[in-house]
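Asks: just coords:
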DNA sequence: CTGAAAGCGCTTACAG
DNA sequence: CTGAAAGCGCTTACAG
């Protein structure tokens, strides 16, 4: 289990460790001969520089911390994947941290990551006190949810997406629309609610708002109650695709046919939507792009490039599929 | 950005760095007075020991590498979550690595992880040459897919689960059963196929096997062809729940009602199954337990405990829901 | 019980 | 162009 070190290479190549280090980092002057000898020695001894030693000196671990509520929530895997792809192609590695939106876990992880000299953190949370982040010294990017004006954030056009969704239901003939809103206090959920309300109010459409917490079971139950109590509801805009799946399940149980008798539009654009029958009309967020952009912005900060702005709002897109009546750009 | 070090603490407490280190690690003798002084100093200076320096000396980073094909595949998030939970509660942190089953990426990651002194690796792959792993020095656990006899693996009872699935379809009255098999060469897919074949052959049931690669779109297409060509197929056993969703979609498009006209059973037990309408009858793997066990076994190896065996096979469970006709233990 | 010293494996001013 | 030295922040034999 003896690992070869830079000194072994130096000895083999008849130079000093400093010289080996210089060729390793392509930094500083090294003569052709020395370089060749070192390269040969590295190959011969199958030398791999020790990343930890480098980190100790450089204070950069080339690791990114990814802190999110729960990777099991189908919105996050794609985000994580995007981040990891960008990280990999830039020589970074990502540490996965699930918090269940528990502030204690969030803080614990941030401490642990700092101790490990992560170069930066990508954070999906809403309840973290910004004061804890300020003295962090390590760059942070907020994803999906805005934390504060000081922290760069990548989100999607939640309010506008909600407007488009609501107008789509109206265009499809809905007269009484329910909105299953997401968790209270979550900026993205609030924005979607605001978008919904602005349209129904402006157009004078009968409507009702209930909470479903982005949760399948809860959404199924809530929809059940809702449709029993207000049988004339003919359109539902849910704040997530998971929620939409719950609503569809309830409608199915109650024998309401979709989209003839009840139309539904979701929000997110996760793969689930395509797998439902009928497939789900939804407002698609550019999830992968959001993750990739977040990672790129973080890496830009490592390189001390200043960002253009602290708020990146990516456009959403209406994807019409089978749960609403109108034909759209996608099947 | 001046971080306080062990020497700052030592100076403040009027002791040596060695003494501080001893109280930090609760190791070696320290007088009551010294200990108190150090504890006070640590608090006062808000000292956090530098994990990287510790790692350099101890050669243990308290990190676990998790190498898997694609976190975007809904089977993996739950596995990853379980691993992270166990890691967290044992003071470990997990590095996420997506490989797309690309051998080059796998090797690249393994090298990178070694350089970072990860304590161990949890690996979901089938194509990796074991010879590359042998000289690793770091403990490995294979998950979901068996790699070799030398590497401890945690899998589920794939063959038995497939037997139960097939028998269930027969019990429900199916006379002509199709099996949408998973990728060729994947041990778990092969085992499921074997289980299917043993039952249909033994019971003399008409059957057909086609490949669907655990892929939704491919499954939908394949099922479409299949049902058109063999309209008398009345049962489908798919090798994954995603595949089942594809089959259901095709059936829906063709106007075949489930379960009256066509029965379907999946494999995996991912949350998707509950969201489909009708909800999917499936063979549930204990995904979370598999991940948790894998992580626990890995940590056991760090502590130099030898494992009881190199193959942990966890039981699967038939969960009867709405895509087959028989009433089961779950709704 | 405690401190000085050496070392984990690398990097980078500093002299030459 | 190159090497000796100091240092990144910790830990642990070794003396005392």
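Replies: Okay, I see it. Since the model is a prediction, treat every value here as computed from it, not as a measurement. Residues are numbered from 1 along each chain as shown, chains lettered A, B, ... in the order given.
Asks: ok, residue A:35 to DNA strand C distance?
Replies: Residue A:35 sits 14 Å away from DNA strand C, going by CB to the nearest atom of the strand, to the nearest Å. Placement of C-beta: from N, CA and C, glycine included.
Asks: return the residues of the stretch 1-150 of chain A in contact with DNA strand C.
Replies: Counting by CB under 7 Å from any atom of the strand, the residues of the stretch 1-150 of chain A close to DNA strand C are A:3, A:5-7, A:17-18, A:21-22, A:24-25, A:27, A:47-50, A:53-54, A:56-58.
Asks: which other residues reach stretch A:193-212?
Replies: Contact with stretch A:193-212 is made by A:158-163, A:165-167, A:170, A:174-184, A:218-219, A:222-223, A:226, A:230, A:233, A:237-239, A:243, A:246, as judged by CB atoms under 8 Å, 6 or more residues apart in numbering or on different chains.
Asks: can we see that at 7 Å?
Replies: With contact meaning CB atoms under 7 Å, 6 or more residues apart in numbering or on different chains, stretch A:193-212 is reached by A:158-163, A:166-167, A:170, A:175-181, A:184, A:218-219, A:222, A:226, A:230, A:237-238, A:243.
Asks: and if you look at stretch A:172-184?
Replies: Contacts of stretch A:172-184 (CB under 7 Å, 6+ apart): A:166, A:169, A:189, A:192-193, A:196, A:200, A:205-214, A:219, A:222, A:226, A:232-240, A:243, A:247, A:263, A:324-326.
Asks: so which bits of it are buried?
Replies: Applying a neighbour-count criterion of 16 or more other CB atoms under 10 Å in any protein chain shown, one finds A:172, A:174, A:177, A:178, A:179, A:180, A:181, A:182, A:183 buried in stretch A:172-184.
Asks: for the fifth one, helix, strand, or coil?
Replies: Recorded secondary structure, residue A:179: strand (DSSP: H, G, I helix; E, B strand; the rest coil).
Asks: which SSE is the residue lying closest to residue A:243 once chain neighbours are set aside in?
Replies: Using CB to CB, 6 or more residues apart in numbering or on different chains and skipping residues adjacent in sequence, the residue nearest residue A:243 is residue A:219, 4.3 Å away. Following DSSP states H and E, one finds residue A:219 within helix A:216-229.
Asks: and that helix, which residues are buried?
Replies: Quick answer for helix A:216-229 (16+ other CB under 10 Å): A:216, A:218, A:219, A:220, A:222, A:223, A:224, A:226, A:227.
Asks: is chain B contacted by the helix or strand following that helix?
Replies: Next helix or strand after helix A:216-229 toward the C-terminus (DSSP H and E): strand A:235-238. No. Using CB under 7 Å from any CB of the partner chain, we find that strand A:235-238 stays clear of chain B, coming within 12.7 Å at best.
Asks: the helix or strand following strand A:235-238 to helix A:216-229, inter-axis angle?
Replies: Using DSSP H and E, the helix or strand that directly follows strand A:235-238 along the chain is helix A:241-253. Taking axes from the mean of the first three to the mean of the last three CA atoms, to 10 degrees, one finds helix A:241-253 and helix A:216-229 inclined to each other by 50 degrees.
Asks: run through the neighbouring helices and strands of helix A:241-253.
Replies: Secondary-structure packing of helix A:241-253 (3 or more CB pairs under 7 Å, 6 or more residues apart in numbering or on different chains; DSSP states H and E): helix A:216-229, strand A:235-238, strand A:263-268, helix A:272-275.
Asks: so what's the gap between the third one and the chain middle?
Replies: Using CA atoms, centre = their mean, to the nearest Å, we find the averaged C-alpha position of strand A:263-268 to lie 20 Å away from the chain's own average C-alpha position.
Asks: now the angle from that strand to helix A:241-253?
Replies: Using the same axes, to 10 degrees: strand A:263-268 against helix A:241-253 is 160 degrees.
Asks: now the strands: where do they sit in chain A?
Replies: A:63-68, A:93-98, A:120-123, A:140-143, A:153-156, A:176-181, A:206-211, A:235-238, A:263-268, A:281-284, A:311-314, A:317-319 (DSSP state E).
Asks: which one of the buried residues of stretch A:172-184 is nearest to residue A:148?
Replies: residue A:183 (19.0 Å; CB to CB).
Asks: tell me which of the helices and strands packed on helix A:241-253 approaches DNA strand D most closely.
Replies: DNA strand D sits nearest to strand A:263-268 of all the helices and strands packed on helix A:241-253, at 43.0 Å, using CB to the nearest atom of the strand.
Asks: could you say what helices and strands the closest one packs with?
Replies: By 3+ CB pairs under 7 Å, 6+ apart, strand A:263-268 packs against helix A:158-171, strand A:235-238, helix A:241-253, strand A:281-284.
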